[in-house]
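Asks: Next comes the sequence, and after it the predicted model I'd like to discuss.
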Amino acid sequence: MDWDDEVEIIGESSSRPSCAKAGPTLCQLCDMNFDSENLSELQRHQHYDSHFNSSSSKQPSSNKFRKPAIPKDLFKPCSFQLPLRKKTADEFWYPALSRPPPDNYCPGLIPLLKHALKKSHTKGNTRRAVLCYESATHICVEAFDRRWGCGYRNFLMACAALMDQQIQNIYFALLDDPFPPSVRNLQHWIEAAWKEGYDREGAKDLGNLVDTDKWIGTAELYTAFTSRGVPSQLIDFDLSKSEKGIQVMIDWIVQYFSPPTPKQGTVTDVLRAASPVIATDKMPLVLQFNGHSQTIIGYEISKNGDTNLLVFDPSRPPRSNLRRAAIAGPSSVVWEQSRTNQVLQSVMHSTSNGHSSKLKRPSSSSDTQQHKRTKSSESDDEIIIVEDPDAPKNGQGSGVPPGETQPSTLDPSNVVNHFRLSMSKLKRKQHYQILYFPMTDPWSTEERNRRKVVTSISCC
């Protein structure tokens, strides 16, 4: 990847990146407009040198807004021999768009996770799993909002699903006009809502929000959606007040995602309800707790009966091979087999060829590599790579036709573990708040006015 692919210029940018016009060339540290100042390439280079040679890298006091500074270790000075290409660091994308997703967006994970859970069910590690709307997209923080952007990114994950779903098509216009969602646009949304009288308490606590790095939570997201007329609701869980503890919240989440049992319906409806792993049309949930927030995309019941949440964490991006597989689709994936199946297949292959069925014990180096891998919850999930006798040898080719992409090889246990949030981790906190979307008709002006004060429903 060229160095200029990593440069992020924080400045005024079009809210519609796909049709944006070329803007002025700005300094990446203080937003000086190089074009209006008529600086030569040498002067621009000297301008950057002055930032790093001075005792302070503070921005000039003439700037109206405080901009997030790019850490020096992430900034690579340019030679100016080529035109500086501006990369939008605050871009919004949703699955219906024809253009490719930005690097920090990962669509297609729900279908991939669905297949991985089915593999886990076949192995006996998952009893049942229910997932949200299949077009839900994982969105992770970028360099400029890495330390404070979790609430904003969960908001964008909700918007990406809401703008793609077909239950309430009108939500798209409510969220896209007059300008679409983004991290910085959300700050403008919230401040505009405050000026209209929404959440006066939050406005007092946060003060100026635009172009700052202030954290926000589910209360601010509720304010943003309410001011746009998109129905949402906050649910509070104070686990210290309940004898059932975390199970109260788990039960609520399971009930939210679980589809009603069809009394009558087609054969397809009956079979779908009986399937151990299903995806629904439910929107993701936003889970807020002290210090962080995540997007809940479903739940899994493990073989021992415990319920694990499945989450998109904006601070934990999928690995590159997982993202490639998600975008390409589950059909592009070759799933690694469990240890038992690999050993069994090797034995059967050896027997069928008339060779001894005895297997060599894995070498000590192999054992060491297994301990270095992330330990899964079940020993069956550990992978021992058994050489495939039918695999092409050196010089015999890979078997992939020219021009086609090499299939991704994934371990279903690792895929599920990436999104799994266990009850033991959830028990570490006592207070949670969930934002959910009932998918009812948009709120009228009168209904919005009645909700200018942020309220929540207490479940315990």
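Replies: Everything's here; your move.
Asks: With the flanking residues excluded, which residue is spatially nearest to Val183?
Replies: Distances taken as C-beta to C-beta, 6 or more residues apart in numbering place Tyr152 nearest to Val183, at 4.4 Å, with adjacent residues excluded. To be clear about C-beta, it is placed using only N, CA and C from the backbone, and glycine gets the same treatment.
Asks: sorry, that was for Ala203
Replies: Of all residues not flanking Ala203 in the chain, Trp194 sits nearest, at 3.9 Å (C-beta to C-beta, 6+ apart).
Asks: neighbours around that neighbour, how many?
Replies: By the criterion of other C-beta atoms under 10 Å, Trp194 has 21 neighbours.
Asks: Which element is encountered next along the chain beyond the helix or strand containing it?
Replies: Element membership for Trp194, per DSSP states H and E: helix 183-195. Next helix or strand after helix 183-195 toward the C-terminus (DSSP H and E): helix 200-206.
Asks: and that following helix, what does it pack onto?
Replies: The contact analysis (3 or more C-beta pairs under 8 Å, 6 or more residues apart in numbering; DSSP states H and E) places helix 200-206 against helix 183-195, helix 218-228.
Asks: most tightly surrounded among those?
Replies: Neighbour counts (mean count of other C-beta atoms under 10 Å) averaged over each of the helices and strands packed on helix 200-206 peak at helix 218-228, with a mean of 24.
Asks: So what angle separates the directions of it and helix 183-195?
Replies: 70 degrees (axes from the mean of the first three to the mean of the last three C-alpha atoms, to 10 degrees).
Asks: Alpha carbons only: can I get helix 218-228 in PDB?
Replies: Taking Å, rounded to 0.1, in the frame of the first residue of the first chain, the C-alpha atoms of helix 218-228 are listed here in PDB:
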ATOM      1  CA  THR A 218     -26.600   5.800  24.100                       C
ATOM      2  CA  ALA A 219     -28.500   8.900  25.500                       C
ATOM      3  CA  GLU A 220     -26.900  11.100  22.800                       C
ATOM      4  CA  LEU A 221     -27.800   8.500  20.100                       C
ATOM      5  CA  TYR A 222     -31.400   8.500  21.400                       C
ATOM      6  CA  THR A 223     -31.400  12.200  21.000                       C
ATOM      7  CA  ALA A 224     -30.000  12.100  17.500                       C
ATOM      8  CA  PHE A 225     -32.500   9.500  16.300                       C
ATOM      9  CA  THR A 226     -35.500  11.100  18.100                       C
ATOM     10  CA  SER A 227     -34.800  14.500  16.500                       C
ATOM     11  CA  ARG A 228     -34.900  12.900  13.100                       C
END
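Asks: packing partners for that helix?
Replies: With contacts defined as 3+ C-beta pairs under 8 Å, 6+ apart, helix 218-228 has these neighbours: helix 150-162, helix 183-195, helix 200-206, strand 233-238, strand 285-289, strand 431-436.
Asks: Tell me the strands beside the fourth one, with direction?
Replies: So the one you mean is strand 233-238. Partners of strand 233-238 in the sheet, by DSSP bridges, are strand 431-436 (antiparallel), strand 457-458 (parallel).
Asks: Next secondary structure element downstream of it?
Replies: Using DSSP H and E, the first helix or strand after strand 233-238 is helix 247-257.
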